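Q: Next input, structure requested:
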Amino acid sequence: MKHVLIVEDDVDVLELVAELLEEKYRVSTALSGPAALEILSHEPNVDCIMLDLMMPKMSGEEFARELRRRGFAMPVIVTSARRDARHVAAQIGAHAALLKPYSCQDLMASIDRATSLPLG
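A: Below is the predicted model of the structure:
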C-alpha cells in the first residue's frame, strides 16, 4: 500500500483529508514541517507528501527546501489558498498544486498520479 504524508496545520482539514485518503493509502499526518521531518527520519519511504504552504514554525516552502537538502525525492503536492501557489509549487519543484478549496476528486487524482511516479 502506498504511503502518503499529509503536512497541514489546520486540524479539521488534516483529519478530513486523512480520512478520505485512508480508504486507499497508508497515511501519516503532521501538523508542522518539523513534525513531518521527524516522521521522515523514522519512516523515509513515503511515496507522496501533501504539503500546505502556509504554516507556522516552518512554511511549506522552507519544508520543501529542507526535504530536498536532506536528499528526499518523493513527489510533493502543494495545497494553499495563496494566489501564487502554482508559481511557488513550480519554484520548489512540487509535482502539483491544488488551490483551496479543492475538490476531493481533484485531490485523489493528484495523489493517484503522484504515487504512480517512479521515485528518484
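
Q: I'd say residue 110 and residue 98 touch.
A: Yes: with contact defined as C-beta atoms under 8 Å, residue 110 reaches residue 98; the gap is 6.1 Å. The way it works is simple: take the backbone N, C-alpha and C, and place the C-beta from them, glycine included.

Q: got any ranges where this protein has weak pLDDT?
A: The chain contains residues with pLDDT under 70 at 119-120.

Q: what touches both of residue 110 and residue 98?
A: Common neighbours of residue 110 and residue 98 are listed as residue 77 (criterion: C-beta atoms under 8 Å, 6 or more residues apart in numbering).

Q: Give the bridge partners for the spatially most central residue of the chain, please.
A: Central residue of the chain (C-alpha atoms, centre = their mean): residue 50, 1.6 Å from the mean position. Residue 50 forms beta bridges with residue 6, residue 77, as assigned by DSSP bridges.

Q: And the closest residue to residue 43 other than its chain neighbours, its phi and psi?
A: Nearest residue to residue 43 in three dimensions, chain neighbours excluded: residue 28, at 6.6 Å (C-beta to C-beta, 6 or more residues apart in numbering). When read as degrees, to the nearest 10, the backbone of residue 28 gives phi -120, psi 150.

Q: Residue 15 versus residue 28, what's the distance?
A: Per C-beta to C-beta, to the nearest Å, residue 28 is found 13 Å from residue 15.

Q: Between these two, which has more neighbouring residues?
A: Shown here are residue 28 and residue 15; by other C-beta atoms under 10 Å, residue 28 has more neighbours (19 against 13).

Q: and the spatially most distant residue from the centre of the chain, what element?
A: Of all residues in the chain, residue 83 has its C-alpha farthest from the mean position, at 18.0 Å, by C-alpha atoms, centre = their mean. Per DSSP states H and E: residue 83 is located in neither a helix nor a strand.

Q: cool, and the one 5 residues further on?
A: When elements are assigned from DSSP H and E, residue 88 belongs to helix 85-91.

Q: Tell me where the protein has helices.
A: Assigned by DSSP state H, the helices in the chain fall at 11-21, 33-42, 60-69, 85-91, 104-115.

Q: Out of those helices, which one sits most buried?
A: Across those, averaging neighbours per residue (mean count of other C-beta atoms under 10 Å) puts helix 60-69 on top, at a mean of 18.
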